[in-house]
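1. Structure, please.
(one chain, ligands or ions: 1)
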Amino acid sequence: MKQLVVTAAVIEKDGRILLAQRKPDTHMGLKWEFPGGKLEWGEDPRAGLAREIREELGIDIEVGDVLEVVSHTYEDRHVVLMGYQCRYVCGELQLLDVQDVHWVRLHELKSYDLAPADVPIVDRLLRT
Ligand SMILES: Nc1nc2c([nH]c(=O)n2[C@H]2C[C@H](O)[C@@H](COP(=O)(O)OP(=O)(O)OP(=O)(O)O)O2)c(=O)[nH]1
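-> Below is the predicted model of the structure:
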């Protein structure tokens, strides 16, 4: 079984949070998640997260504090998911490597078909 260190961005703008839908041909295809991705070898987590967001969505973000760290075991992998509070800075949102995006209000987050590892991050958000 592989072990992955993954960073995810909880990007807030005008009272809404950005959810991304994974592409169909990926692990957890079509599930909704906080955008981000795997850290490269030796990469600083905040720098890696900003890189992933530029690559997947074409926008620049400011990465703030860790909101929640989740350990989740799927059938074939163990994911350590670090959710960071982030702020949208600039750039036009593009679907470069995601299926879809929605800007969502807090109370709507649970109505999405989320990747299971993301549920504790949503729970943490709902407690803050
Ligand atoms: N990015 C992201 N991945 C998540 C979340 N929740 C969750 O279980 N995952 C899982 C799905 C994948 O198994 C793994 C991340 O892989 P990824 O495909 O997004 O990473 P990546 O962009 O670096 O991938 P790659 O296409 O470069 O291989 O973590 C989440 O909120 N965000």
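2. Now do the contacts for the closest residue to the ligand within the chain.
-> Taking Cβ to the nearest ligand atom as the measure, the chain has residue 37 as its residue closest to the ligand, at 2.9 Å. For every residue, glycine as well, the C-beta is placed using N, CA and C. Applying Cβ atoms under 8 Å, 6 or more residues apart in numbering, we find residue 37 in contact with 6, 7, 48, 52, 55, 56.
3. Which of those ranks first by neighbour count?
-> Across the contacts of residue 37, the neighbour count under other Cβ atoms under 10 Å reaches its highest value at residue 7, namely 29 neighbours.
4. In stretch 73-87, which residues are buried?
-> For stretch 73-87, the buried set under the neighbour-count rule, 16 or more other Cβ atoms under 10 Å, comprises 79, 81, 82, 83, 84, 85, 86.
5. Could you do stretch 44-63 as well?
-> By neighbour count with 16+ other Cβ under 10 Å, stretch 44-63 contains the buried residues 45-46, 48-53, 56-57, 59, 61, 63.
6. I'd like those written out as TSV, with secondary structure, pLDDT and distance to residue 96 added.
-> What follows is the buried residues of stretch 44-63, written out as TSV (DSSP: H, G, I helix; E, B strand; the rest coil; pLDDT from 0 to 100; distance: Cβ to Cβ, whole Å):
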residue	secondary structure	pLDDT	distance to residue 96
45	helix	98	21
46	helix	98	20
48	helix	98	17
49	helix	98	15
50	helix	98	15
51	helix	98	12
52	helix	98	11
53	helix	98	10
56	helix	98	6
57	helix	98	6
59	coil	98	10
61	strand	97	14
63	strand	98	19
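7. Much appreciated, bye for now.
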